[in-house]
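Novice: Pasting the sequence and the predicted coordinates here, then a few questions.
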Amino acid sequence: MSKKVVYHISGFDCPNCAAKSENHLRKQKEIEHVSIDFQNEKLFITFKDKELSIEEIKERIAQVESDELDISLVSDKKKEEPIFDKEFFINLLRIVISVLIAVFTKIFVNYHDNFVLALVLYSLATLICLYDILFEIGRNIIRKNNPVDINLLMSISSIGVIVLGTLIHYEVLPNGPFEIDLLDGALVVALYQVGELFEHISTNKSKRAIKATIDLRADHANLLEGELVREVNPSLLKVNDKIIIRVGEVIPVDGIVVSGSGTLDTSSLTGEPLPISVKENDEVLSGTILKSGSLTLLVTKEFANSTVSKIMDLVENSGEHKTKTEKFITRFARIYTPAVFVVGITYALIYGFVTGVWPQAIFGGLAILVVACPCAIVISVPLAFFAGIGLASRHGIIIKGSNYLDSLCKIGTLFIDKTGTLTYAQFKIVEIHPNNCEKQELLDALYIAESRSNHPIAKTIVKDIDLSSFSGKISSYEELPGEGIRLNYEGKIILAGTNAFLSKQSVICEDIASSGTVVHVSKNGAYLGYVVLKDEIRKDAKESIEKLHSIGVEVVLLSGDKKEVVEEVSSLVGIDEYYSSLLPNEKTKFVIKSLNKKKLVAFAGDGVNDTPSIVAADVGFAMGGIGSDVAVENADVVLMEDNPRKIYTSIKIAKKTKHVAIFNIIVSLLVKLGVIILILLGLLGQFGMIIAVLADTGLSVLMILNSLLLFYRKID
Ligand code: ADP
Ligand code: MG
């Protein structure tokens, strides 16, 4: 039995270190699957049979990683640490002191007359910003880890500048065309640390801004105890507790209205802007806001199982499944840094041997090393995917993993279910045709048959029919998805379902040419007649299909209903290809048959019987509101508003996200490449080092901002 555990993990210096640890854990024999979400500080492990303790996990990671890590179970949730913590202020102080010393030296110490003092002061300024980095390198070497990372390159560059300047001063090396200033050494690390600080704040801030906007969890609930109302933490509520909701409050848990009425703003949950009104016996979902009225609710789900908590869990855990782009950049980062190292050294050697001006050759080489940090890409790209998931969730679309953002972009065919997906699944009985019996006899049999089913048809029938008597016992009951119901009531076999279903059991029934859904009924082999039900097409259905066509997605309707109904719905919403009278497994076969093509296949449905198809498709959509729990649980994308238009919205969001990620990768690479080329050509001269560090840290900040902006984009 494998077991999945989610931990909170923090303390990694960079995504690269996290990737290294992830790879190492993957090799452990106890572990079946592992993933680290650096951005959201999560560690996901599926253990084969024996679970490792947190201490053991720490020990295993320590074999390859020197960072001091903090690992805890997600269930013992800790308060989020402040962004501006002690460490932040210490680092800020280090930078300020270091820069002050450097500037003071530059202005007040005469470089040539008082070289030793200048050297001491510049070295001090450099070391103040560098000491922890040097420490890190030392630990890496002691633990025999690969030491070629950005820390090493930054240290070589800054110390290199100081050594170089000193050698020139004492004329060990000749002076070249420009003077090498020791100031550069101190400035490079100081700027690098400023960049690190900025990255830390901006990624943390953006993540929190995104989470805060989509986090609709209430922070309190008004528990009704007898006549008294007590304010409690929502996590303390139990099923069957009664709570009071006042105007302006967020509904803390899912429940049913037991008294009162009001209007709810569901926009934050479903993206639907119009308020909906609720009254006694209506279900309400957590995360919606009471706009007017007042409600007393009976709690039906505890806080942790309520809609809003589940959504937040999904969003926070979406980083477990990484996109191809993210995997690519982790691999890329691993080769990029050493590659730049080689370029730097090669440049210094060639330039040195060709021109003989060694100080400038070495200086250029050192400047190249400074561009070697892939941070701009490594940090901003996963952030873009997180922003994309956040953006989707603001539209009421829950995407369960960043990897589905990749797949959404590649959807070529969408198979869509009819009832509940393109229609509201709110049937009305429009015709009743008894066959050689009283009308009530037909209706009674139908009611008894449908009384246990959760199918939308059954719910309507139970709601709309008044029963004359129903006191007997149902001794056997079978529901055949897509066909109908067969049961034994007081020794009599009742069948209700499609023509084909009854015919299969030797009941001869009429073939009805109606554009409504027909349910035939029989009792003990005698055909009792049929009822016709009408469903309403969703108001956005036609536009949704048009939108999907406009982005090149082919839409195919798969339905269990009969041909006439499916034909009519298809023509009304503008679908050219449709298949009717399908059993659930036949729908799945359609999906499977279309798999393994270049373009991906999606399936959108709502019912339990759609679940196999939702699972089989590359991307499975489920209707979150009316959809059955199994369908929602197994889907990759959940549409909270039950609106097929959101299929289009989610594809659009995925495409925008992908664009931002790719833009960030390309711009970062071009800028870095550009700076390297300028240095190689010797065009940057003595400014090479400063420009290089700006191209590194400044660029990171810009790319991070670009990712964050995605969250605020408008989607049509
Ligand atoms: P869809 O593909 O449109 O979502 P289903 O696969 O759920 O529809 O059902 C297909 C057909 O099977 C229905 O149109 C109905 O005729 C019949 N059917 C399914 N379940 C029931 C039921 N509980 N009672 C009566 N008929 C049913
Ligand atoms: Mg359905």
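Specialist: Yep, it's here. Ligands and ions are numbered 1, 2, ... in the order given.
Novice: and the residue of the chain lying at maximal distance from its centre, which of the three is it?
Specialist: For the chain, the largest distance from the centre (Cα atoms, centre = their mean) belongs to residue 113, which lies 60.8 Å off. At residue 113 the chain is in coil, as set by DSSP: H, G, I helix; E, B strand; the rest coil.
Novice: do you know how far it is from ligand 2?
Specialist: 87 Å (Cβ to the ion, to the nearest Å). Heads up, the C-betas are built off the backbone N, CA and C, glycines and all.
Novice: how about the helices in the stretch 401-550 of the chain?
Specialist: 403-409, 439-450, 456-464, 499-504, 541-550 (DSSP state H, counting those that start in this stretch).
Novice: next one: the stretch 1-150 of the chain
Specialist: Assigned by DSSP H, counting those that start in this stretch, the stretch 1-150 of the chain shows helices spanning 15-26, 54-62, 86-108, 115-142, 150-169.
Novice: ok, how many other residues are close to the closest residue in space to residue 388 that isn't next to it in sequence?
Specialist: Excluding the flanking residues, the one nearest residue 388 by Cβ to Cβ, 6 or more residues apart in numbering is residue 657, at 3.1 Å. Number of residues near residue 657 (other Cβ atoms under 10 Å) recorded here: 31.
Novice: Wasn't residue 657 part of a helix?
Specialist: Yes: per three-state DSSP, residue 657 lies within a helix segment.
Novice: Following the chain past the strand or helix carrying residue 571, name the next helix or strand.
Specialist: Take DSSP states H and E as the rule and residue 571 turns out to sit in helix 563-573. With elements assigned by DSSP H and E, the helix or strand that comes after helix 563-573 is strand 577-579.
Novice: Figure out how far that following strand is from the centre of its chain.
Specialist: 32 Å (Cα atoms, centre = their mean, to the nearest Å).
Novice: Need the mean per-residue confidence for that strand.
Specialist: Per-residue pLDDT values across strand 577-579 average out to 95.
Novice: what's the very next helix or strand once past that strand packed up against?
Specialist: Heading C-terminal from strand 577-579, the first helix or strand you meet, by DSSP H and E, is helix 584-594. Contact analysis of helix 584-594 by 3 or more Cβ pairs under 8 Å, 6 or more residues apart in numbering; DSSP states H and E lists strand 411-417, strand 554-558, strand 600-605, helix 611-616 as its packing neighbours.
Novice: wait, which of the ones you listed is closest to ligand 2?
Specialist: Among the helices and strands packed on helix 584-594, strand 411-417 comes nearest to ligand 2, with 4.4 Å by Cβ to the ion.
Novice: picking that back up, can I get the helices and strands packed on helix 584-594 in JSON lines including mean pLDDT?
Specialist: What follows is the helices and strands packed on helix 584-594, written out as JSON lines (pLDDT from 0 to 100):
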{"stretch": "strand 411-417", "mean pLDDT": "95"}
{"stretch": "strand 554-558", "mean pLDDT": "96"}
{"stretch": "strand 600-605", "mean pLDDT": "95"}
{"stretch": "helix 611-616", "mean pLDDT": "92"}
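Novice: Could you identify which of these is most buried?
Specialist: Of these, the one with the most neighbours on average (mean count of other Cβ atoms under 10 Å) is strand 600-605, at a mean of 28.
Novice: Can you list the strands that that strand pairs with?
Specialist: Note on strand 600-605: by DSSP bridges, its sheet partners are strand 411-417 (parallel), strand 619-623 (parallel).
Novice: what angle do the shortest one and helix 584-594 make?
Specialist: Computed with axes from the mean of the first three to the mean of the last three Cα atoms, to 10 degrees, the direction of strand 619-623 lies at 150 degrees from that of helix 584-594.
Novice: do the same with the first one
Specialist: Angle of strand 411-417 versus helix 584-594, following the same axes, to 10 degrees, is 170 degrees.
Novice: Next to ligand 1, which bits of the protein? Give me the list.
Specialist: Within the chain, the positions near ligand 1 by Cβ under 6 Å from any ligand atom are 417-419, 450, 453, 455, 457-458, 482-485, 496-498, 517, 519, 559-561, 607, 609.
Novice: Sort out for me which of those residues are in strands.
Specialist: If you go by DSSP state E, these have 417, 484-485, 496-497, 517, 519 in strands.
Novice: near ligand 2 too, which of the residues of the chain next to ligand 1?
Specialist: For ligand 2, the contacts drawn from those by Cβ under 5 Å from the ion are 417, 419, 607.
Novice: between the residues you listed, which is nearest ligand 1?
Specialist: Comparing these against ligand 1 with Cβ to the nearest ligand atom picks out residue 419 as the nearest, at 3.5 Å.
Novice: And the pLDDT at the closest residue to ligand 1 within the chain?
Specialist: Using Cβ to the nearest ligand atom, the closest approach of the chain to ligand 1 is made by residue 560 at 2.5 Å. For residue 560, the pLDDT comes out at 90.
Novice: Phi first, then psi, for it.
Specialist: The phi and psi values for residue 560, taken as degrees, to the nearest 10, are phi -90, psi -10.
Novice: Residue 364 and residue 682 touch, don't they?
Specialist: Yes: at 6.8 Å, residue 364 and residue 682 qualify as touching, with contact defined as Cβ atoms under 8 Å.
Novice: Looking only at neighbour counts, state which of those two leads.
Specialist: For residue 364 and residue 682, the more surrounded residue by other Cβ under 10 Å is residue 364, and the numbers stand at 24 against 16.
Novice: Could you check what's spatially nearest to the more buried one, not counting adjacent residues?
Specialist: Residue nearest to residue 364 in three dimensions, not counting chain neighbours: residue 679, with 5.4 Å by Cβ to Cβ, 6+ apart.
Novice: so the one you found sits in a strand?
Specialist: No: looking at residue 679 with three-state DSSP, it is helix, so not inside a strand.
Novice: residues in contact with it?
Specialist: Listed by Cβ atoms under 8 Å, 6 or more residues apart in numbering, the contact partners of residue 679 are 347, 364, 367-368, 688, 692.
Novice: ok, and the most crowded of those residues?
Specialist: residue 367 (31 neighbours).
Novice: Who are the packing partners of the helix or strand where that one lies?
Specialist: Residue 367 belongs to helix 358-370 when assigned by DSSP H and E. Applying 3+ Cβ pairs under 8 Å, 6+ apart, one finds that helix 358-370 contacts helix 150-169, helix 324-355, helix 645-680, helix 688-710.
Novice: ok, and what's touching the first one?
Specialist: Pointing back at helix 150-169 there. 14, 115, 119, 122-123, 126, 130, 133-134, 136-137, 173-175, 179-182, 184-186, 188-189, 192, 337, 340-341, 344, 359, 362-363, 366-367, 369-370, 372-375, 689.
Novice: For burial, what's the neighbour tally of the spatially closest residue to residue 648 that is not a sequence neighbour?
Specialist: Leaving aside its sequence neighbours, residue 648 sits nearest to residue 547 (Cβ to Cβ, 6+ apart; 4.1 Å). For residue 547, the neighbour count with other Cβ under 10 Å is 19.
Novice: ok, residue 547 to residue 541 distance?
Specialist: Distance, residue 547 to residue 541, by Cβ to Cβ, to the nearest Å: 11 Å.
Novice: Equivalent analysis for residue 306, please.
Specialist: For residue 306 relative to residue 541 (Cβ to Cβ), the value is 29 Å.
Novice: And residue 131, by the same measure?
Specialist: For residue 131 relative to residue 541 (Cβ to Cβ), the value is 64 Å.
Novice: Which one's more surrounded, the two?
Specialist: Higher neighbour count among residue 131 and residue 541: residue 541, with 24 against 12, using other Cβ under 10 Å.
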